[in-house]
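K.L.:
Provide a 3D model corresponding to the input given below.
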Amino acid sequence: MVDIRSISQVGTYEPFELQVSRGQIPGHRSVVVFGYNPDVDTARVTVWPHTGVIPLPAVALQMKVSSSNANDTANGTGARTVFVAGLDANHNEISEIVTLNGQTAVLTTQFFLHINNAYVATAGSGLSAAGDIYFGDGTVTAGVPATVYDIIKFDYNQRITGSYTVPAGYTAYVSQGLFSAGQPGGSAQVSGRLMSIGVDGIRRTAAITTVNNGVADYLFEYPLQIPEKTTLEATAQASANNNEASAMFIMVLVKNGGPL
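P.N.:
So this is what the prediction gives:
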């Protein structure tokens, strides 16, 4: 058997970032958030594969989980179960597995104030969700709830929503942000903003950039400090319709009061 070790265990150098990703630094963990919006027009929207700005629930609630396609069900050819993770009413981390029932909504067992991650956990012969999978509230029509809080878009099988809320007991340090946008044959200017929303509900601009069929990559030499219970959200707005936009931000979560 080969004895596989981290080089840091034998007294040589290993990058701190790699050690964090390997879980070797107590009280630290890395988080990568990415979002995509295929249709950015002249109104500001969240960088996510849905319309408008992502709503934030006023209180924690049991999410209604449903699909736009009847094949996303326990014994169907599409997605059968999904994993969802987020925060409860006290901003503590929670997660669960939900078994789908096609276009009929299934309630989560736990109450979510924010969703931070979601993906297809198991699938039938199609090895993919057959439709869009929604997390929301209100009347569900053909699998779509009246209020959509998050979505697993068809064919991605993973949440691609540019939003993340820092759990209670942690501080986030954003080390890098990326924003890109464009349209075939077009020349629209698209502005991207990294917004922060604290417990007071006020939306503040943490960073802003403008691109024209291009990309902006920001490396923060001194990482942005984001307090616990704060939501980070990537948004986009264009000077003309029919643009695509994507965003990413990378951070490390550090447990408050943890090792120095």
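
K.L.:
Buried residues in stretch 23-32, which are they?
P.N.:
I25, H28, S30, V31 (16 or more other CB atoms under 10 Å). All C-beta spots, glycine's among them, are computed from the backbone N, C-alpha and C.

K.L.:
correct me, but the third one touches P15?
P.N.:
This means S30. No - contact criterion CB atoms under 8 Å: S30 and P15 do not qualify, at 12.0 Å.

K.L.:
Is E17 in a helix, a strand, or coil?
P.N.:
Three-state call for E17 (DSSP: H, G, I helix; E, B strand; the rest coil): helix.

K.L.:
dump the residue contacts of it.
P.N.:
Applying CB atoms under 8 Å, 6 or more residues apart in numbering to E17 gives the contacts S30.

K.L.:
ok so, going back, in strands only, show me the buried residues of stretch 23-32.
P.N.:
Among the buried residues of stretch 23-32, the members found in strands (DSSP state E) are H28, S30, V31.

K.L.:
closest to I133 among those residues?
P.N.:
V31 (21.9 Å; CB to CB).

K.L.:
Could you chop this protein up by domain?
P.N.:
7-53+163-255, 61-152 (automatic domain parsing).

K.L.:
Of those, which shows the lowest average pLDDT?
P.N.:
Here the lowest mean pLDDT among the domains of the chain goes to domain 7-53+163-255, at a mean of 92.

K.L.:
pretty sure F135 is touching V144, no?
P.N.:
No - counting by CB under 8 Å, F135 stays clear of V144, with 11.3 Å between them.
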